[in-house]
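any chance you could fold what I've pasted below:
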Amino acid sequence: MLFPDYRPRRLRQNETFRRMIRETSLSVNDLILPLFVIDGSGVKNPIPSMPGQYQLSIDNLVKTAKQACELGIPAIMLFGIPKSKDALGTSAYAKNGIVQRAVSALKNKIPELVVITDVCLCQYTDHGHCGILDGNIIDNDSTLDLLARTALSHAKAGADMVAPSDMMDGRVAEIRGILDENSFSNIPIMSYSAKYCSAYYGPFREAADSAPKFGDRKTYQMDPANALEAIREVTMDIEEGADIIMIKPALPYLDIICRIRDEIDLPLAAYNVSGEYAMIKAADKMGWIDGKKVMMETLTSIKRAGAEMILTYFAIEAAKELNGH
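From the prediction side, this is the model:
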């Protein structure tokens, strides 16, 4: 029997060889931990569809963020759950809003941790949509000012970076403009540039109490069938001043991550979303998979596709694995 001159198995025969030729390296530095903050003290509400994740009062948020920082995780993404909601989402940009107070506490206690804030209105509006309503239509242009005010309030509270997730046209330019006008030109924007209208967000909507009260988000989030549109969305956000581009979700859109990585030279993030997390946790609980191994394989696949940063609820677990804990 004839064999080829090149035998791939030669370099697979032991762990040291495999480590030496490994093409993709996952690091704690790649991870960003999303966290949910809620009013109160001593609050740690379990999120049933996301085992191991919680709605945290500010005191417990600081404890969890400190743990993440000590593990080497460089950044968190902060989502707020307000006391009250209204049609204009006024709690989103209130000076004493839940996110604004949480940011101040985090920067006071853990100044070295990068605090990124999600900029959207869906958690704060009584209708659950990401923009102002005109009847049953989302009014894109009227929403921009409120998104910009929200981003500015986060910057004033001490946020290191803002991340608009609403998918309104033109919001990056509006946010860049108001930040620059108010002496926050140093604050970067991580834009949810290609955010698909995905069924994978279900557990998040429970966690953040942000499900729309009517209809869906198909008129502003992207159609899962589209790829070329993602390139257009990303290009627009770059032209408007985005510093980091994000693709969301990650696993069903690895092709989009790879394609965008080939198209742009800005830093690229991907969001390993709540549904992806919940599926792995559920299958692990049933004994159908090895949850830790699937977690690490999943995160490696996102990195291999081209993302330099991965937002993931697995961040603390993955950091422990990477650190050998």
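
make it CA atoms for all contacts and neighbour counts henceforth
OK.

so where do the helices sit in this structure?
15-21, 58-70, 98-109, 140-157, 171-181, 202-208, 228-240, 254-263, 274-285, 291-305, 315-322 (DSSP state H).

now render those as CSV, adding mean pLDDT.
Formatted as CSV, the helices of the chain follow (pLDDT from 0 to 100):
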stretch, mean pLDDT
helix 15-21, 93
helix 58-70, 98
helix 98-109, 98
helix 140-157, 97
helix 171-181, 98
helix 202-208, 84
helix 228-240, 97
helix 254-263, 97
helix 274-285, 97
helix 291-305, 98
helix 315-322, 98
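
for the ones you listed, which one sits closest to Pro48?
helix 202-208 (8.5 Å; CA to CA).

circling back to that earlier point, ok, which of the helices of the chain comes nearest Thr219?
Comparing those by CA to CA, helix 140-157 comes nearest, at 10.3 Å.

got the CA positions of stretch 301-312 in PDB?
Taking Å, rounded to 0.1, in the frame of the first residue of the first chain, the C-alpha atoms of stretch 301-312 are listed here in PDB:
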ATOM      1  CA  SER A 301     -14.600  27.900  17.000                       C
ATOM      2  CA  ILE A 302     -15.600  31.500  17.500                       C
ATOM      3  CA  LYS A 303     -12.000  32.600  17.800                       C
ATOM      4  CA  ARG A 304     -11.000  30.500  14.800                       C
ATOM      5  CA  ALA A 305     -13.700  32.100  12.700                       C
ATOM      6  CA  GLY A 306     -12.000  35.500  13.300                       C
ATOM      7  CA  ALA A 307     -13.300  37.200  16.400                       C
ATOM      8  CA  GLU A 308     -10.700  38.700  18.700                       C
ATOM      9  CA  MET A 309     -13.200  39.300  21.500                       C
ATOM     10  CA  ILE A 310     -15.900  36.900  22.600                       C
ATOM     11  CA  LEU A 311     -18.800  38.100  24.800                       C
ATOM     12  CA  THR A 312     -19.900  34.900  26.700                       C
END
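
mind listing what's buried along stretch 216-223?
Using 16 or more other CA atoms under 10 Å as the test for burial, stretch 216-223 gives Arg217, Tyr220, Gln221, Met222, Asp223.

ugh, typo on my part, it should be stretch 90-103
So, applying 16+ other CA under 10 Å, buried residues of stretch 90-103: Thr90, Ser91, Ala92, Tyr93, Ala94, Gly97, Ile98, Val99, Gln100, Arg101, Ala102, Val103.

any chance of the residues you listed in a markdown table with distance to Leu228 as columns?
A markdown table is the format used below for the buried residues of stretch 90-103 (distance: CA to CA, whole Å):
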| residue | distance to Leu228 |
| --- | --- |
| Thr90 | 35 |
| Ser91 | 36 |
| Ala92 | 32 |
| Tyr93 | 34 |
| Ala94 | 38 |
| Gly97 | 38 |
| Ile98 | 37 |
| Val99 | 35 |
| Gln100 | 37 |
| Arg101 | 40 |
| Ala102 | 38 |
| Val103 | 36 |
